[in-house]
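*Asks:* Show me the folded form of this:
(2 chains)
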Amino acid sequence: MAVAEATRAAAPAAAPPRGRAVGALAGLLLLAAAVGIYTQIGNLGLGLAPSVALLLIAVPVFLAAGAAIRRATRSDKVDHTGYPFQLAYPSLAFYCAFFIVPLGFLVLFAVATPVGFGGVEYGFDLSNFEAGLDSLYVETFLRTLRTAAFGTLLIVLVGYPLAYWIARYAPANRRGLFLALIIVPFWTSFLIRTYSFLIVLSPEFFLSDWLQSLRLTSAPLDVLYTTTAIQVGLVYNYLPLFVLPLYATLERMDWRLVDAATDLGASQWAAFRQITLRLTAPGLITGTLLVFIPMMGEYVIPLVLGGGRVDFIGNVIQRLFLEAQDYALGSALALLVMGSLSFFVALYLYLSTRTEQEYGG
Amino acid sequence: MAELGRRLGAFAGALCFVLGLVAVVAFLLALGSGEISGRGLVALVLGVAAIVLVPRLVSIPRLLGGYSALVYGFLFAPILVVVIFAFNAGDNVASFAGFSTKWFARALEDESITSSITRSLQIAAASAVIATVFGTAAALALSRVSRRVRNPFDVLVFLTLVVPELVIAVSALIFFVNLGFELGLVTMFIGHTVFNASLVLLVVRSRFVSMGSTLQEASMDLGASALATFRQVTFPRLAPAIVAGAMLSFTFSFDDVVISNFTAGAGNDTWPLRILSGIRFGLRPDLNAAATMMLAVTLLGLGGAAVIMRRAARTDPGTGGGFGLTRETRG
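*Replies:* Predicted coordinates:
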C-alpha cells in the first residue's frame, strides 16, 4: 500500500510546479486515508469475508483515484497500444493487502514491547533485537548458515554433472523424459519424501546392516536426529530446484566452443573451466541462490530429521510464534534473518548483472 | 548385449569413482581429527586408485551417464521405500513384517486422512485458479507499461519470491490475528496465493515476451478488437504457459507446509499438516498407503493427459495460434 501510494505521489515529476504540488498533497491525503482504513479495519467488527473484500477493494480504488489525480495534473502519458494497466490491479491489491501490510505488521511487532502471553504494546523498543542477538540465537544462526552453505556446495557437486550429462550426452529424443524424471519426485508430498529418510537412515533398516557387513561402519547407523541427517534431507529436497535452472543455461551452450578449445590444445579440464563454467555461470548463480535462501529459512526438515534435537534458526522462530507466543521476539528474529539474507540477495543481483554484462546473458 | 554390459560397466565405474571420493574425503576428515586406522589407509589407497583408474577405463560421457543413473537412484529410492512400506503388515514403519494391503483400507476409512486431503485439494484448486487469473492479468498489463511503473512492480514480485517463506508465514499470522481474521481455509488460501500469483506472473510473462507482438499487431491492424485479439490470438499461444503456471501453483499449494502450519488454526489440518502431526505423534504405514494411492492417481492422470495431448497433436497439427489467426483474416 505504502509503496504503491508513494510511487503514485512521486510520479508527476514532469508536471508544472503547481500541479505537482497539488498532486503530491492529494497523494499524501490518500495515503493517510489508506493507512487509516487499514489500521481500523479490525475494529469495524466486520466478518472475515467483508474484511477481505474491503482490503481488496481499497487498493484499486486508491490507485484509480491516484491515476485520476495524475491525469488531472496532466503529467500522465499512458501508452495505449498494449493491455490496460488496470489488469494489474487485482494482483497489486493482493500483494499490498496480504504481503506488504503483513510485513509492516512484522516490523511493528519487532519494535513493540511484549506484554503477557502473546500480547504486545506498540512502541519503539529495540530490546527485542538485543535479545535476538543473544549468543544462543547467533550460534543457531551460524549452524544454519554452515549447514545450508555445505548443503548448497553438495548440491552443486551432485547436480552439476547430472545437468551437464542431460544437456550434452543424453539422447536428444529422451531429454524431456530425463528432465521429467527430476520433477516426478515433486509429485509425492515433500513431507513423505522427507520422512522416508527416517526409515532409510534408521538403524533398523537394512541399509544399516549392509554398511556394517561391508565393514564401512563398525556400529549400527546412528545419523538420525543429527546434522548429517538434516544435511541429507536438504540435499535431497533441493536438488531438483538447482538442476532445472542450471539445465536451462547448459541447454543453450554451444558445445562447438568446447570442441574448438580442445582442438586448439586445451585439456578437457581447462576447456571446462574456461568455457563451460563461465558460460553457465548465470544458471549456476541462480540455482545456488534458489536453493540457499529457502534452506536458510527451513524448519520442517530439521523438525523431522533433527527430531527436535538439532535446531535451525527457523525452528527457534517457529517455536517462539506457535508455542511461546512471543510475537515480538519472533518478529525481531525473523527480521534479523531476512536482513542477513538480503546480503546474499544483493550479492546475487550484483553477480548476475556482472555476468550478464560480461557474457551477454 | 555388449551395449548393456558397457552400460553396467559405466554404472559400476561411476559407483567406484564416487565411493573412492567418499573414502578420500572420509580419510581427510579422520586425519583432521587424528584418528588413522589401518582400515582407513586401505580405504584411502583403494579410493585414490578408483579416482585415478576409472576415468581412464571409462569414457567421460559414459562415466557421467553412470553417475546420472546413481543420482536418479538417489532421487527415487526414498519414494520407492515409502511405496514398499505401504504394503507392510506390521505397525512399525522401519522394519518390514510381511506383505499386506490392510493399510490402504485403513487409510480410506480414516476420516482425518480423507478430510485433510479434501481440504488440501480445495485450497490448492482455489489458489491455482485465483493466482492464475491474477498473475496472467498482471503479466499482460506489465508487458507494455513504462519502466517507471514496471520496475517497482518487479521489485514487489521479486520480493514475494525471495523473502523466506517462514517470514511470509509469520507476518501473515500476525496480520490475520491482529485484524481478527479467523484462521482456517481462507487464510491458508490467501497465504498461498501471494506466492503463486508471482509464480504464474513470471511463467506467463516470459512466454508473452518471447512470443513477440507481431501477430497481435497484425490482428489489431486487421480490425479485431482488443478482446477478440486476446481470445483468438494471444490466449491460444499463451495457453501452455498459463497451464504450466496453474499446475505449479496447484503443486505448491497442495504441498505447502510452512504457510499452512502458521495460518491453519486448530482442526483445519491439510494433508501435509496431517503427515506432520503423524511424524510428531507416532507414524503408521497408513500414511504411506495414502501417499502411494495419491502418487498412483497423479501418475495415471498425467500419463493419460500426455497420451491425449500426443494424440491430439498427431490428428490436428494445426492447433494453436495459427487456427485463430486464419479464421480472423478470413472474417
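
*Asks:* how far away is the closest residue in space to residue B:93 that isn't next to it in sequence from residue B:230?
*Replies:* Closest residue to residue B:93 apart from its sequence neighbours, by CB to CB, 6 or more residues apart in numbering or on different chains: residue B:283 at 4.7 Å. To be clear about C-beta, it is placed using only N, CA and C from the backbone, and glycine gets the same treatment. Computed as CB to CB, to the nearest Å, the residue B:283 to residue B:230 distance reads 51 Å.

*Asks:* hmm, back to that, ok, the residue nearest to residue B:93 touching residue A:191?
*Replies:* No: using CB atoms under 8 Å, residue B:283 is not in contact with residue A:191, being 11.2 Å away.

*Asks:* out of those two, which sits in the busier spot?
*Replies:* residue A:191 (24 against 19; other CB atoms under 10 Å in any protein chain shown).

*Asks:* Leaving out chain neighbours, which residue sits closest to that one?
*Replies:* residue B:275 (4.3 Å).

*Asks:* Am I right that residue A:114 sits in a strand?
*Replies:* Yes: Residue A:114 forms part of a strand when assessed by DSSP: H, G, I helix; E, B strand; the rest coil.

*Asks:* can you list the domains in chain B?
*Replies:* Domain assignment of chain B by automatic domain parsing yields the ranges B:2-86, B:106-330.

*Asks:* So, low pLDDT: which residues of the chain?
*Replies:* The chain I'm using is chain A. Filtered on pLDDT under 70, chain A yields the residue ranges A:1-23, A:34-35, A:37-52, A:55, A:59, A:69-82, A:215-218, A:359-361.

*Asks:* that answer is for a different chain, and I need it for chain B
*Replies:* Using pLDDT under 70, chain B drops low at B:1, B:34-36, B:314-331.

*Asks:* Find the closest residue to chain A in it.
*Replies:* residue B:144 (2.5 Å; CB to the nearest CB).

*Asks:* Give me the phi and psi for that residue.
*Replies:* Residue B:144 adopts backbone torsions of phi -120, psi 10, taken as degrees, to the nearest 10.

*Asks:* Touching, it and residue A:87? I think so.
*Replies:* No: if you go by CB under 8 Å, residue B:144 and residue A:87 don't touch, sitting 10.5 Å apart.

*Asks:* More neighbours: which of these two?
*Replies:* Set side by side, residue B:144 and residue A:87 give different neighbour counts by other CB under 10 Å, the larger being at residue A:87 (19 against 16).

*Asks:* Regarding the more buried one, what is its secondary structure?
*Replies:* helix.

*Asks:* From residue B:273, how far off is it?
*Replies:* From residue A:87 over to residue B:273 (counting by CB to CB), the distance is 35 Å.

*Asks:* Equivalent analysis for residue B:9, please.
*Replies:* 47 Å.

*Asks:* who's more crowded, the two?
*Replies:* The residue with more neighbours, out of residue B:9 and residue B:273 and counting by other CB under 10 Å, is residue B:273; that gives 20 against 15.

*Asks:* buried ones in the helix or strand encompassing the more buried one?
*Replies:* Using DSSP states H and E, the element containing residue B:273 is helix B:271-280. By neighbour count on 16 or more other CB atoms under 10 Å in any protein chain shown, the buried set for helix B:271-280 is B:271, B:272, B:273, B:274, B:275, B:276, B:278, B:279.

*Asks:* now the residues you listed as CSV including distance to residue B:224?
*Replies:* Formatted as CSV, the buried residues of helix B:271-280 follow (distance: CB to CB, whole Å):
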residue, distance to residue B:224
B:271, 45
B:272, 46
B:273, 49
B:274, 50
B:275, 50
B:276, 52
B:278, 55
B:279, 56
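
*Asks:* and these, which two are the farthest apart?
*Replies:* Farthest pair in those (CB to CB) is B:271 and B:279. Separation: 13.0 Å.

*Asks:* who does the helix holding residue B:273 touch, helix- and strand-wise?
*Replies:* helix A:190-200, helix A:300-305, helix B:111-142, helix B:258-263, helix B:285-315 (3 or more CB pairs under 8 Å, 6 or more residues apart in numbering or on different chains; DSSP states H and E).

*Asks:* Measure how the first one sits relative to helix B:285-315, angle-wise.
*Replies:* By that I understand helix A:190-200. Between helix A:190-200 and helix B:285-315, the angle comes out at 130 degrees (axes from the mean of the first three to the mean of the last three CA atoms, to 10 degrees).

*Asks:* Please apply the same query to the longest one.
*Replies:* Using the same axes, to 10 degrees, one finds that helix B:111-142 and helix B:285-315 are set 40 degrees apart in direction.

*Asks:* Return the set of buried residues in helix B:111-142.
*Replies:* B:113, B:115-117, B:119-120, B:123-128, B:130-142.

*Asks:* what's the angle from it to helix B:271-280?
*Replies:* Using the same axes, to 10 degrees, helix B:111-142 lies at 140 degrees relative to helix B:271-280.

*Asks:* Can helix B:111-142 be said to contact chain A?
*Replies:* Yes: Helix B:111-142 lies within reach of chain A by CB under 8 Å from any CB of the partner chain, at B:133, B:134, B:135, B:137, B:138, B:140, B:141, B:142.
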